[in-house]
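J.: Have a look at this prediction, sequence included:
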2 protein chains.
Amino acid sequence: MRGKGIFPKSLLAKLIYWIFASMSDIKTTTIDQLGEFGLIDHLTRRFKLSNPTSSKGIGDDAAVIRPNGKQVIVSTDLLVEGVHFDLMYTPLRHLGYKAIVVNLSDIYAMNATPKQVTVSIAISSRFTVEAMDEIYEGIFHACQVYGVDLVGGDTTSSLKGLVISVTAIGEADEDKIVYRNGAKEGNLVCVTGDLGAAYLGLQILEREKRLFLEDPQIQPELDDQKYLVGRQLKPEARREIIEYFNDINLKPTAMMDLSDGLSSDMLHICSQSGVGCELHESRIPISEDAYDQALKFNMDPITCALNGGEDYELLFTIESEDETKIASHPYISVIGQITAKEEGSVLLTKGGNKHRLTAQGWKHF
Amino acid sequence: MRGKGIFPKSLLAKLIYWIFASMSDIKTTTIDQLGEFGLIDHLTRRFKLSNPTSSKGIGDDAAVIRPNGKQVIVSTDLLVEGVHFDLMYTPLRHLGYKAIVVNLSDIYAMNATPKQVTVSIAISSRFTVEAMDEIYEGIFHACQVYGVDLVGGDTTSSLKGLVISVTAIGEADEDKIVYRNGAKEGNLVCVTGDLGAAYLGLQILEREKRLFLEDPQIQPELDDQKYLVGRQLKPEARREIIEYFNDINLKPTAMMDLSDGLSSDMLHICSQSGVGCELHESRIPISEDAYDQALKFNMDPITCALNGGEDYELLFTIESEDETKIASHPYISVIGQITAKEEGSVLLTKGGNKHRLTAQGWKHF
């Protein structure tokens, strides 16, 4: 039920935050009260190094990592306000959490284990120390959940808006690393979890934003959409799947994480591996929440699953004889097989038709 | 001589670029003509991996580095238009070069050797593909000069302005790494090169910007100030000093690079090492160009050297018995000594007075 209440415009994100967690006190400290070095100390004082490979963290010209014979895996992402996130409905704490998680997801997608992150943030003067604290609260939480150390970064001002740059550093044995280019004809195509939910969560938040801008008295209706909204605002990386691969001694032939959408990302694997693929519409995992919400929005659920981005699930291919190893796993679905390049990359619909996969994905330009 | 000419406002940076290099043809291609993946391919096609430790570069979820028993050193920086650079007078090619160099400087400051970089760029729609090419031309040049590989990154749009995030990755033997916290009483304080020039170069560029905005017909007067302007727009990192340390088997006790200014950075070493210092005004190296220009601006040259930032020289401390090893080096000056913490951090002036060092440095907030 959509209720009535008094909610100033700037509070939509706080409201959404209330739904997911308890609210902290509202204080305001301007950043120049602390200065750049004071701010860095303030924000990072709680972060202690926990990984033995993290030899030197924040406080010198650079961080020092002891790889101990492992390969070092490095991934980096830049998140820009107004492009990758809308602060109207993104709680800062979730933003900090998500900024870390999406980078860790890239490390897991190499079949590697993230160990360190660096975080650089540019903020305009409208942000207070308390706002930065919220972002770092999310960063801290993500570091704890995934067992990574914050080892460096940069904090500076921006003329406008918030920019977050995260570099994640991981480790792997050389023979365990999985690239995008190893898929072979006859391999099975698998995904983890379910697809399209993050995209539908985004559509819900965009709808709430529109309604809120039209009438700020209207209270957001989100309680029964926690799953979809949560998938958008606070995604998780598939750490447990990588650990499972290790436990059952399974090495995928190719792997990547789903950030742009299944179609677009599958095409990356196919083009880099020089193969084609056939995906089965009926096998693509879609949650009940996502399915119902897509229909409410007059959208095709399968289109949301194929082209919606930011699910951060793993897309991977395995030798067909390894199918038994993953058959009983509750979060892994076999959705198709790798074919010869000449057969193209297609979706076999429930009606028996073949559709060419196209890269729609996210366009930031 | 200040000449007259027809120079539309947007061309000041191009003019400055002409002074340093030849001009390329002016073409314009919008970024959405290429799309995100097309743009990345276009920008990075010339970059080949040259270091044996660079195992996998651009094109997967993450880069892979083979450390071969070395420690891995990681540093990151965020450069924001309007805060760290002004595109009115900063040629994009020099900006790309500088973005890399300032990060490599942090790696050298650990007595390590940079091997890889990742570069993430956010740009607004006013930038063309040709503008991005200019930035990447500078990045490419820096990678070639310093022997580092571009192994990853992210390219996205911004609502406003240009943001560049660079992460540099280096290597070092564990026992060679030099931190900020190793300075001991009796150590000598050394700097490379000369100080204050980058700050004075910035003042010249700011003056030219003001004059240009008042009267765009006025041609900039920069030919005889190439050294100072060059130190600001196209700084170099002190790679050869680190190689020299290795050749003569000298390990500084503490080291950092001069980005915030001698006073501020010296205080970092003193506080982290738990010591004081006494610097001698008469020994602080200032170029003739910087000295003369400071006087023209009615500034104190020593103040420019102490508080001007962005020189990217190395500040380091050595055991006093190592003095003979560096005495003959043309680009190393001994400027003082480390004292007990209780004696504070002071500058001994030419007149024999003692002044406390204060951290003015760069304030981005």
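T.: Yes, it's here.
J.: how about the nearest residue to residue A:103, chain neighbours excluded?
T.: Distance criterion CB to CB, 6 or more residues apart in numbering or on different chains; nearest residue to residue A:103, sequence neighbours excluded, is residue A:168 at 3.8 Å. C-betas here are computed from N, CA, C, even on glycine.
J.: quick one, phi/psi of that neighbour?
T.: phi -110, psi 140 (degrees, to the nearest 10).
J.: Same check on residue A:342?
T.: phi -60, psi -20.
J.: before we move on, what about residue A:322?
T.: Residue A:322 adopts backbone torsions of phi -90, psi 0, taken as degrees, to the nearest 10.
J.: State the number of residues packed around the nearest residue to it once chain neighbours are set aside.
T.: Leaving aside its chain neighbours, residue A:322 sits nearest to residue A:250 (5.7 Å; criterion: CB to CB, 6+ apart). Burial of residue A:250 is recorded as 15 neighbouring residues (other CB atoms under 10 Å in any protein chain shown).
J.: Next: residue A:213.
T.: Around residue A:213 there are 11 residues (other CB under 10 Å).
J.: Need phi/psi at it.
T.: According to degrees, to the nearest 10, residue A:213 has phi -70, psi -30.
J.: so how far is chain B from it?
T.: 18 Å (CB to the nearest CB, to the nearest Å).
J.: what does residue A:243 give?
T.: In terms of CB to the nearest CB, residue A:243 sits 18 Å off from chain B.
J.: List the buried residues for the strand or helix carrying that residue?
T.: Assigned by DSSP states H and E, residue A:243 belongs to helix A:239-247. For helix A:239-247, a neighbour-count test (16 or more other CB atoms under 10 Å in any protein chain shown) marks A:239, A:241, A:242, A:244, A:245 as buried.
J.: Kindly export it (C-alpha atoms) in CSV.
T.: Only the C-alpha atoms of helix A:239-247 are listed here, as CSV (Å, rounded to 0.1, in the frame of the first residue of the first chain):
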residue,chain,number,x,y,z
ARG,A,239,32.5,-16.1,-3.9
GLU,A,240,30.9,-19.3,-2.8
ILE,A,241,30.8,-20.6,-6.4
ILE,A,242,34.5,-20.1,-6.8
GLU,A,243,35.1,-21.9,-3.5
TYR,A,244,32.8,-24.7,-4.7
PHE,A,245,34.8,-25.1,-8.0
ASN,A,246,37.9,-25.5,-5.9
ASP,A,247,36.3,-28.0,-3.5
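J.: re earlier: burial count for the residue nearest to residue A:103?
T.: Using other CB under 10 Å, residue A:168 has 29 other residues around it.
J.: Touching, it and residue A:150? I think so.
T.: No. The pair residue A:168 and residue A:150 fails to qualify as a contact (CB atoms under 8 Å) at a distance of 10.8 Å.
J.: Pull up the overlap in contacts between those two.
T.: A:116, A:117 (CB atoms under 8 Å, 6 or more residues apart in numbering or on different chains).
J.: Number of residues surrounding the nearest residue to residue A:186 once chain neighbours are set aside?
T.: Nearest residue to residue A:186 in three dimensions, chain neighbours excluded: residue A:320, at 5.7 Å (CB to CB, 6+ apart). By other CB under 10 Å, 14 other residues sit near residue A:320.
J.: coming back round to it: is the helix or strand following the helix holding residue A:243 positioned near chain B?
T.: Counting by DSSP H and E, the element after helix A:239-247 in chain order, helix or strand, is strand A:254-257. Yes. Applying CB under 8 Å from any CB of the partner chain, one finds strand A:254-257 in contact with chain B at A:255, A:256, A:257.
J.: same question, stretch A:147-160
T.: Yes. Stretch A:147-160 lies within reach of chain B by CB under 8 Å from any CB, at A:151, A:152, A:153, A:154, A:156, A:157, A:158, A:159, A:160.
J.: Would you mind listing the buried residues in that stretch?
T.: Buried residues in stretch A:147-160, counted by 16+ other CB under 10 Å: A:148, A:149, A:150, A:151, A:152, A:153, A:154, A:155, A:156, A:157, A:158, A:160.
J.: out of the residues you listed, which are inside strands?
T.: With DSSP state E as the criterion, strands contain A:149, A:150, A:151, A:152, A:153, A:154, A:155, A:156, A:157 from among those.
J.: Quickly name whichever of those residues is closest to residue B:226.
T.: Among those, residue A:156 lies closest to residue B:226 (CB to CB), at 28.8 Å.
J.: Go ahead and confirm residue A:250 touches residue A:326.
T.: Yes. Using CB under 8 Å, residue A:250 is in contact with residue A:326, at 6.9 Å.
J.: And the helix or strand containing residue A:337, what does it pack against?
T.: Element membership of residue A:337 [criterion: DSSP H and E] is strand A:332-339. Counting contacts by 3 or more CB pairs under 8 Å, 6 or more residues apart in numbering or on different chains; DSSP states H and E, strand A:332-339 is packed against strand A:188-192, strand A:276-280, helix A:323-327.
J.: Which strands border that strand, and is each parallel or antiparallel?
T.: strand A:188-192 (antiparallel), strand A:276-280 (antiparallel) (DSSP bridges).
J.: most packed of the ones you listed?
T.: Of all the strands paired with strand A:332-339, strand A:188-192 carries the top mean neighbour count, a mean of 24, counting by mean count of other CB atoms under 10 Å in any protein chain shown.
J.: so that strand versus helix A:239-247, what angle?
T.: 140 degrees (axes from the mean of the first three to the mean of the last three CA atoms, to 10 degrees).
J.: and strand A:188-192, how far from the chain's centre?
T.: How far strand A:188-192 lies from its chain's middle: 18 Å, per CA atoms, centre = their mean, to the nearest Å.
J.: Restrict that strand to CA atoms and write it as CSV.
T.: Extracted in CSV, the C-alpha atoms of strand A:188-192 (Å, rounded to 0.1, in the frame of the first residue of the first chain):
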residue,chain,number,x,y,z
LEU,A,188,28.0,-26.7,-21.6
VAL,A,189,27.0,-23.1,-20.8
CYS,A,190,26.1,-22.4,-17.2
VAL,A,191,24.9,-19.4,-15.1
THR,A,192,24.6,-19.0,-11.4
